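1. Got a predicted structure plus its sequence, pasted below:
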Amino acid sequence: MDAIFLTSGDVIVDRRFEWARDLEAKGDLAGAADVLSQAVELKPDYGAAWFALGAVREKLADRTGAILAFEHAKASDPQDRHGASLRLTRLGAQQAAAMSEGYVRTLFDGYALSFDNALRVGLGYQAPEQMLFAVQAARPGMTFDTALDLGCGTGLGGAAFRPLCSHLTGIDLSPAMVAQARIKNVYDRLAEGEALAFLRDEAAAQARYDLVIAADLFGYLDDIAPVLAAAAPLLTPDGVIVFSAETHDGADVILRDTLRYAHGVAHVRAALAAAKLTPVSIDLASSRSEKGIAAPGLIVVAAH
């Protein structure tokens, strides 16, 4: 995410922020860094300017300066709405960690209106169709009384699975994405919130699902094991969970340059085992492209 405008409360500082963004857009990175340095000198707790300064310094190959700026950005904004922690992880200044709710919510609230077009046209996104094919191959002819769409977004996954489901629930962290999903009238129930907390609440309410889907959710989680472990008890005896994930040749989890997590097959298998789920199928399948290049991915179906 680029630096979003969040007012500093000082019109002079805000003008410097906008001036710096204009300089950066014109290719004057050194000039932008200088103006942003002035902004944070005037307003030392201005997180948006610190983040923008870190991003510019990173482009200038000033790793030390970028880390310092991102650390200030993180400290100045406890919600970490810009994702300074992710930038620090990418720079090797901290270990991989879960993306902050503030960052994910801000990212997708700003993305909601253009989301479908950006994914379908811009990235060639096809995870819902790939997941549907995998489920139909694993459970030929099966329909589902109750289904749950984790990280439902605008409803692309829900729309693909709707014909197989009698009752479909969607949950997403972003209010703006939930609003777009509601317009499509795909879901019988929509909820706004964080996936793991929702799953635990559903378990406490003794809810059960024949199908749990998670399309593109795991790209925003460093560790998928907690979500799988929380989802597993909600599955009915014949229930299945299907999800997509980006992957790589290694065994563990990496943060890609796109600021999305990629999970090695060994990590996926270990997470399934920890959740006492058995893989029905793990297929290599690219669900999206990045800059015209297919991003390596997995489509996974698992059951008890």
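-> Arrived safely, thanks for sending.

2. When you work out contacts or count neighbours from here on, use the C-alpha atoms and nothing else.
-> Fine.

3. can you map out the helices along the stretch 51-200 of the chain?
-> 63-76, 84-90, 101-111, 115-117, 127-138, 156-161, 175-184, 195-204 (DSSP state H, counting those that start in this stretch).

4. Can you pull out the low-pLDDT segments for the stretch 201-304 of the chain?
-> In the prediction, the stretch 201-304 of the chain carries no residues with pLDDT under 70.

5. those strands in it, which residues are they?
-> Secondary structure of the stretch 201-304 of the chain (DSSP state E, counting those that start in this stretch): strands at 209-214, 235-246, 253-255, 261-263, 278-284, 289-290, 293-294, 297-303.

6. for the third one, packing partners?
-> Okay, so that is strand 253-255. strand 261-263 (3 or more Cα pairs under 8 Å, 6 or more residues apart in numbering; DSSP states H and E).

7. can you list contacts of the strand it packs on?
-> With contacts defined as Cα atoms under 8 Å, 6 or more residues apart in numbering, strand 261-263 is touched by 218-222, 245-248, 251-256.

8. Repeat the analysis, applying 10 Å as the threshold.
-> 96, 98-99, 218-224, 245-256, 295-298 (Cα atoms under 10 Å, 6 or more residues apart in numbering).

9. is it true that residue 239 touches residue 210?
-> Yes - with contacts counted by Cα atoms under 10 Å, residue 239 reaches residue 210, the gap being 4.2 Å.

10. which residues do these two both contact?
-> 144, 146, 147.

11. can you put these in JSON lines and add pLDDT, distance to residue 113 and neighbour count?
-> Listed next are the shared contacts of residue 239 and residue 210 as JSON lines, based on pLDDT from 0 to 100; distance: Cα to Cα, whole Å; neighbours: other Cα atoms under 10 Å:
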{"residue": "144", "pLDDT": "98", "distance to residue 113": "30", "neighbour count": "19"}
{"residue": "146", "pLDDT": "98", "distance to residue 113": "28", "neighbour count": "20"}
{"residue": "147", "pLDDT": "98", "distance to residue 113": "25", "neighbour count": "28"}
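
12. Filter these down to the ones in strands?
-> 144, 146, 147 (DSSP state E).

13. Contacts only, for the second one.
-> When the contact criterion is Cα under 10 Å, 6+ apart, the partners of residue 146 are 164-169, 207-212, 235-236, 239.

14. Buried ones among those?
-> 164-165, 167-169, 208-212, 235-236, 239 (16 or more other Cα atoms under 10 Å).

15. if I look at residue 20, how far off is residue 42?
-> 14 Å (Cα to Cα, to the nearest Å).

16. Looking at those two now, which is surrounded by more residues?
-> residue 20 (27 against 13; other Cα atoms under 10 Å).

17. which SS class is the residue nearest to the more buried one when sequence neighbours are not counted?
-> The shortest distance from residue 20 to any non-neighbouring residue, by Cα to Cα, 6 or more residues apart in numbering, is to residue 32 (4.3 Å). Put simply, residue 32 is helix when judged by DSSP: H, G, I helix; E, B strand; the rest coil.
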